[in-house]
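S.K.: have a look at this prediction, sequence included:
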Amino acid sequence: MSEVLFEITKENLETGLRGYPVGYCTTSYVDPEKGLYYVGTRVSELTHHEPLEVVYLLMHGRQGSKEEVRAFERDLTLRSALSDDLLAAINHLPRKGHPMKLFSAALLLCGMMEGRGDYREDCLDLIAKVPHIAAAVINRHAGWGSTPKPNPELGYMENFVQLLNLKPKVDRIKLVQVLKLFNILHYDHGGGNLSTFVGKAIASGLEDMYGSIAGAMCALEGPRHGRANQDCLHFVQTVLQEVGESASEAAVEALLRSRLASNQLIFGFGHAVLRVEDPRATSFYDFLKAHYPDHPYTHIALLLRAVGPKVLKENPKISDPYPNVDAVSGSLLFAAGFTHPEYFTLLFGMSRCIGIARQIVYERNEARGGKGCPIVRPKYFYKAP
Ligand code: MLT
C-alpha cells in the first residue's frame with residue numbers, strides 16, 4: 001500500500017493548493033521553522049559565497065571546487081552574448097506599463113531569436129544572458145540611454161551593475177555587495193512558490209524554456225508575489241512619513257493598530273509556509289544594521305520588525321505574524337543607492353528565473369528516470385453557477 005501524504009477534504013478546495021504535495025524539488029526546500037535550504041545547506045550559510053558558486057550548487061546538486069566553478073564561469077561567459085538584433089528589439093519595447101512586462105517580453109524575444117529548443121542548454125544560456133537582458137530592459141524602461149558593452153569577466157553582479165546606466169554618485173562597490181546578497185537569497189524558494197509552479201506547469205506542455213520563464217515572470221509580477229518588495233518599500237516610506245525619522249516603537253505600534261482597525265493593509269509580514277522570521281529577511285536586516293545603521297529606512301524597518309509580530313500575534317487567525325523577505329529587501333536596495341522601487345521585482349525575477357529554469361530542467365529531463373513529468377492537469381469539480 002502506498003503511503004498517504006495528504007488527505008484532501010472539501011475544506012482543501014479553493015485554497016490555492018496550499019500544502020498539496022505535487023512532486024519533488026531537487027534544488028531547495030523551505031522548512032516552516034528553519035526557512036530556506038539550497039541543496040541541504042541553510043541559505044544563511046551561503047550568503048558569503050560568490051553568486052556563481054551558489055548557482056553552481058543549484059545546477060549540480062553539490063558545491064564545486066575552485067577549478068569547477070572557474071570552468072562553469074568560463075562556459076557562462078561564452079554563452080552570455082546577446083545579438084544586436086535582440087538588443088534592438090528590446091530597445092523598441094513600449095515603455096508603458098510595469099517593467100516586469102518588458103522583462104517577460106524580452107525573455108520571449110530572446111527565446112524567439114536565440115533559443116535552442118533544449119531545456120538544459122537554454123537554462124545555461126539564460127543564466128548567462130539574464131543580467132544583460134535585465135539591464136537592457138531597465139535602461140530602456142527608465143530612458144537611461146543605450147546599454148554599455150557587457151563584461152562578464154568582471155563577475156556576475158559586477159557586470160550587471162556596470163550595464164546599468166545608474167547615476168554616477170551611487171557607490172557601485174557597495175551596490176554590488178548588496179546585489180550579490182539579494183541575488184543569492186532570491187534564486188529559489190522550494191518547488192511550490194507561484195512563479196516556479198507556473199513556470200514548470202507551462203513547461204509541462206512542452207513550451208520551451210524562454211516561454212515558460214516569461215510566463216513565470218508574469219506570475220512573479222503580481223503584488224501578492226514578487227511585486228510585494230516594491231509595495232513593502234512604499235509601506236516603509238509611508239510609515240516614515242507618518243511617524244517621522246526619530247519615531248519610537250510606541251508610535252509605530254499605534255500606527256499599525258490604527259491601520260488594522262480601519263482595515264488597511266500592513267505589508268511585509270506572513271508567509272504561506274514559514275512560521276518564523278524569514279531567514280532571508282534576517283540576512284538583510286543584519287546587513288542593513290551593519291552597513292547603513294543611520295539610514296532612516298533602517299530605523300523604520302527595524303521598528304516594524306520589532307512591533308509587527310507583537311501586534312499581529314494578537315489575531316489568532318494570523319498563522320505567520322513574522323517579517324518576510326520583502327519586508328526589508330527594498331529598504332536595503334534603496335539604502336545602497338538603488339532608489340528605483342519599480343525595478344525591485346525585476347531584480348527578484350533576474351535571480352528567481354535561475355531556480356525556476358533549473359527546476360524545469362529537472363521536471364523535463366530528469367524526473368521519473370528521465371521520462372519527465374506529464375502535462376499538469378488537476379481536477380476541478382463542476383459547480384452549477
Ligand atoms: C518566494 O520567495 O517565492 C516567496 O517567499 C513566496 C513563496 O515562497 O511562496
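M.R.: Received the coordinates, thanks. As the structure is a prediction and not an experimental result, all values here were calculated from the model. Numbers count the residues shown, from 1 in each chain.

S.K.: residues contacting the closest residue to Tyr20 other than its chain neighbours?
M.R.: Excluding its sequence neighbours, the residue lying closest to Tyr20 (CB to CB, 6 or more residues apart in numbering) is Phe6, at 6.1 Å. No exception for glycine: its C-beta is placed from N, CA and C like everyone else's. Going by CB atoms under 8 Å, 6 or more residues apart in numbering, Phe6 touches Gly19, Tyr20, Pro21.

S.K.: among these, which ones are in strands?
M.R.: For the contacts of Phe6, not one is inside strands, with DSSP state E as the criterion.

S.K.: tell me which of the residues you listed is nearest to the ligand?
M.R.: Gly19 (11.7 Å; CB to the nearest ligand atom).

S.K.: how many neighbours does the closest one have?
M.R.: 11 (other CB atoms under 10 Å).

S.K.: the one 5 residues further on now?
M.R.: Other residues within reach of Tyr24, judged by other CB under 10 Å, total 13.

S.K.: can you pull the contacts of Thr47?
M.R.: Under the criterion of CB under 8 Å, 6+ apart, the contact list for Thr47 reads Leu181, Ile184, Leu185, Ser283.

S.K.: kindly list the main-chain dihedrals of the third one?
M.R.: When read as degrees, to the nearest 10, the backbone of Leu185 gives phi -70, psi -10.

S.K.: and the chain, what are its domains?
M.R.: According to automatic domain parsing, the chain comprises the domains 36-224+344-370, 228-335.

S.K.: for the first one, measure first residue to last.
M.R.: From its first residue to its last, domain 36-224+344-370 covers 27 Å (CA to CA, to the nearest Å).

S.K.: any part of it near the ligand?
M.R.: Yes: using CB under 6 Å from any ligand atom, domain 36-224+344-370 reaches the ligand at His189, Asn193.

S.K.: what's the burial count for the closest residue to Pro150 other than its chain neighbours?
M.R.: Excluding the flanking residues, the one nearest Pro150 by CB to CB, 6+ apart is His132, at 5.0 Å. When neighbours are defined as other CB under 10 Å, His132 has 23 of them.

S.K.: show me the contacts for His132.
M.R.: Ser80, Leu82, Thr147, Pro150, Asn159, Leu163.

S.K.: re earlier: cross the contacts of Thr47 against helices and list the overlap.
M.R.: Leu181, Ile184, Leu185, Ser283 (DSSP state H).

S.K.: ok, the closest residue to the last one other than its chain neighbours to Lys169 distance?
M.R.: Which is Ser283. Leaving aside its sequence neighbours, Ser283 sits nearest to Thr47 (CB to CB, 6+ apart; 5.3 Å). As for Thr47, its distance to Lys169 is 27 Å (criterion: CB to CB, to the nearest Å).

S.K.: check Asp118 too.
M.R.: Distance, Asp118 to Lys169, by CB to CB: 44 Å.

S.K.: the more surrounded of the two?
M.R.: Ranked by neighbour count (other CB under 10 Å), Asp118 and Lys169 place Asp118 first, with 15 against 6.

S.K.: now do the helix or strand where Tyr285 lies: everything it contacts.
M.R.: Assigned by DSSP states H and E, Tyr285 belongs to helix 279-291. Contacting residues not belonging to helix 279-291 are listed as 34-36, 42-44, 47, 174, 178, 181, 185-186, 295, 297-298, 301-302, 305, 323-325, 327-329, 331-332, 335-336 [CB under 8 Å, 6+ apart].

S.K.: surely Leu185 touches Val325?
M.R.: Yes: using CB atoms under 8 Å, Leu185 is in contact with Val325, at 6.9 Å.

S.K.: shouldn't Gly190 be in contact with Thr196?
M.R.: Yes: at 7.5 Å, Gly190 and Thr196 qualify as touching, with contact defined as CB under 8 Å.
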